[in-house]
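A.B. asks: Sequence first, predicted model second:
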Amino acid sequence: MKLLENAALATYARTRAGFLQVLFGLHRKEEARALATALEALRRVGLGELAWERADRLTAGQQRLLELARLLASGAEVLLLDEPGAGLRAGEKRELAKLLLALAREGYSVLLVDHDMDLVMGLADRVVVMNYGESSPSVGPSWPGPASSSWTSLPWASRPSSSRRSSAPWPPSRGRG
């Protein structure tokens, strides 16, 4: 399957063409809109020039970008990402992080579940650390990263001065006495 077709699949949940429209060819306008939306999403994540390539030939990093393109093409406003950096090389992870920061600045909400604390701390406005399903009060957004590095030294961790990082106390009050 081509990248464009792959990304266009995400748009079909929003189409209105039914059996009769397809039978009489009335669905063509919707299909053209779906392909245009998919192409724009591919361009947004940097894969526009590969739109007619087969998806099975992509690198792991490009596959992750294709997944993001599908999310964008679907019209999602909240991006739920589980381990988005898993299996990526350092350069691919940097590109992914830059894209996620740009999407957040554009108004997308990004919910990230990841064990890569350098990536998380470089991206997140707010961090909740879970331990067996419970929020851990002993670790919060001030976590400095592994002993070998600080998350603020990562190339993708630089933030504009208008950072939305919360100044709320950590841990947040649970209303327990």
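C.D. replies: Received, thanks.

A.B. asks: Domain ranges for the protein, per the record?
C.D. replies: Taking automatic domain parsing as the reference, the chain has its domains at 1-58, 77-159.

A.B. asks: which stretch in these has the least confidence?
C.D. replies: Here these differ in mean pLDDT, and the lowest is domain 77-159 at a mean of 76.

A.B. asks: distance between it and the chain's centre?
C.D. replies: Distance of domain 77-159 from the chain centroid (C-alpha atoms, centre = their mean, to the nearest Å) equals 11 Å.

A.B. asks: separation between Asp125 and Arg105?
C.D. replies: Asp125 sits 11 Å away from Arg105 when distances are taken as C-beta to C-beta, to the nearest Å. Any C-beta I mention is one placed from the backbone N, CA and C, and that applies to glycine too.

A.B. asks: Mind listing what's buried along the helix or strand where Glu30 lies?
C.D. replies: Using DSSP states H and E, Glu30 sits within helix 28-44. Buried residues in helix 28-44, counted by 16 or more other C-beta atoms under 10 Å: Glu30, Glu31, Ala34, Leu35, Thr37, Ala38, Leu39, Ala41, Leu42, Arg44.

A.B. asks: list the helices and strands that helix packs on?
C.D. replies: For helix 28-44, the packing partners by 3 or more C-beta pairs under 8 Å, 6 or more residues apart in numbering; DSSP states H and E come out as helix 3-8, helix 60-73.

A.B. asks: Please tabulate these in a markdown table, including the columns distance to His115 and mean neighbour count.
C.D. replies: Supplementary listing: those in a markdown table, determined by distance: least, C-beta to C-beta, whole Å; neighbours: other C-beta atoms under 10 Å:
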| stretch | distance to His115 | mean neighbour count |
| --- | --- | --- |
| helix 3-8 | 28 | 23 |
| helix 60-73 | 16 | 20 |
